[in-house]
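A.B. asks: Requesting a structural model of the entry that follows:
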Amino acid sequence: MYYVCYVLLYCIIFAFGAAIGSFLNVCIYRLPKEESLWRNNSHCMTCGTPIRKRDLIPIFSWCRLRGKCHSCGAKIPFRYTLVESLNAILYVLIFAYFGIFKQPVYAALVCLFCSALIVVFFMDLDTQLISLYVIGFIGLLGVAVTVYDVCTGNGTLLSHLIGAAAASVPLFLLVILSGERAMGRGDAELMLAGGLFLGVKGVVVGLFLGLILGCIFGMIHKAKTGDSKFAFGPYLSAGMAMALVVGEPIANLYLQLCGLK
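C.D. replies: Modelled structure (predicted):
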């Protein structure tokens, strides 16, 4: 019975994550166009036919329709289901890692943080823009986590404040000195909000991982297209997501090797 309850809880978390993932798709598509997230009903991008309520079930509906519009038969991009599935799986993994009963509040905040990073990842990949609304949302999550850590003794206010500045200040200087040719202002703003959430150790490791990923895929992109301009936000987002798990261990290992801990 104990295991059945756990399985049921994780199924609920998966379903909730998939539903949030469906909303993330709306954000990724509409925010760059400055369209309302609430007023307009979902519709086929090819024929404009409103999507039936029974076809709005995340993941399942795409599979049932075999990735095609029920009206005109146009292909529905697999990425919609990818985002829903990714968000659902991340929610399950996050609650499994931090514990459903041990740190449920923190796990929920981390889930929302990762959802916001997914929006940044795909939005910046598509448009090379990062919405200020998403950055503002991450900033609010950063405030919530700061309050949580201070109240529970898991972290300090100073660590989160330094985290907000540690990665963003160098990036803002790079943006100003290069005239936004080396990096966009949105990337620096993303690290400001993300640093407040992660704290100093997490954001430094996240920035390091993001820069490595960005350099690798940037060179691949340039080799294929000859264009050195590419979106950096996706890799910074991936770096911060990984830092949620490996940030503290990597930072502590580095401090030990340097004899600082």
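A.B. asks: Please make it C-alpha for all contacts and neighbour counts, starting now.
C.D. replies: Fine.
A.B. asks: Report the helix or strand with the lowest average pLDDT across this protein.
C.D. replies: Within the chain, confidence by mean pLDDT, DSSP states H and E is lowest for helix 60-64 among all helices and strands, at a mean of 81.
A.B. asks: can you give me the helices for the stretch 101-250 of the chain?
C.D. replies: 104-127, 132-152, 157-166, 168-178, 185-225, 233-257 (DSSP state H, counting those that start in this stretch).
A.B. asks: Would you format these as CSV with mean pLDDT and mean neighbour count included?
C.D. replies: Listed next are the helices of the stretch 101-250 of the chain as CSV, based on pLDDT from 0 to 100; neighbours: other Cα atoms under 10 Å:
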stretch, mean pLDDT, mean neighbour count
helix 104-127, 95, 20
helix 132-152, 95, 18
helix 157-166, 93, 21
helix 168-178, 90, 17
helix 185-225, 91, 22
helix 233-257, 88, 19
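A.B. asks: Could you save the ones you listed as JSON lines and add columns showing distance to residue 6?
C.D. replies: Compiled in JSON lines, the helices of the stretch 101-250 of the chain are given as follows (distance: least, Cα to Cα, whole Å):
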{"stretch": "helix 104-127", "distance to residue 6": "14"}
{"stretch": "helix 132-152", "distance to residue 6": "25"}
{"stretch": "helix 157-166", "distance to residue 6": "33"}
{"stretch": "helix 168-178", "distance to residue 6": "40"}
{"stretch": "helix 185-225", "distance to residue 6": "28"}
{"stretch": "helix 233-257", "distance to residue 6": "22"}
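A.B. asks: Pick out the residue nearest the middle of the protein.
C.D. replies: Residue closest to the mean C-alpha point of the chain, counted by Cα atoms, centre = their mean, is residue 117 at 1.4 Å.
A.B. asks: mind checking how far it is from residue 64?
C.D. replies: According to Cα to Cα, to the nearest Å, residue 117 and residue 64 sit 28 Å apart.
A.B. asks: same question, residue 161
C.D. replies: From residue 161 over to residue 64 (counting by Cα to Cα), the distance is 48 Å.
A.B. asks: picking up where we left off before, CA atoms only: put the least confident helix or strand of the chain into PDB for me.
C.D. replies: Presented in PDB, the C-alpha positions along helix 60-64 are these (Å, rounded to 0.1, in the frame of the first residue of the first chain):
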ATOM      1  CA  PHE A  60      -1.900  11.700 -25.000                       C
ATOM      2  CA  SER A  61      -3.800  13.900 -27.600                       C
ATOM      3  CA  TRP A  62      -0.700  14.200 -29.800                       C
ATOM      4  CA  CYS A  63      -0.200  10.500 -29.800                       C
ATOM      5  CA  ARG A  64      -3.900   9.800 -30.400                       C
END
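A.B. asks: Same question for it: list its buried residues.
C.D. replies: Across helix 60-64, burial judged by 16 or more other Cα atoms under 10 Å covers 61-62.
A.B. asks: Next, the angle helix 104-127 makes with the helix or strand just after that helix.
C.D. replies: Taking DSSP states H and E as the definition, the helix or strand that follows helix 60-64 towards the C-terminus is helix 78-98. Relative orientation of helix 78-98 with respect to helix 104-127: 150 degrees, computed using axes from the mean of the first three to the mean of the last three Cα atoms, to 10 degrees.
A.B. asks: So what's the gap between helix 78-98 and the chain middle?
C.D. replies: In terms of Cα atoms, centre = their mean, to the nearest Å, the centre of helix 78-98 is found 11 Å from the chain centre.
A.B. asks: Stretch 136-150 now?
C.D. replies: Taking Cα atoms, centre = their mean, one finds stretch 136-150 lying 15 Å from the centre of the chain it belongs to.
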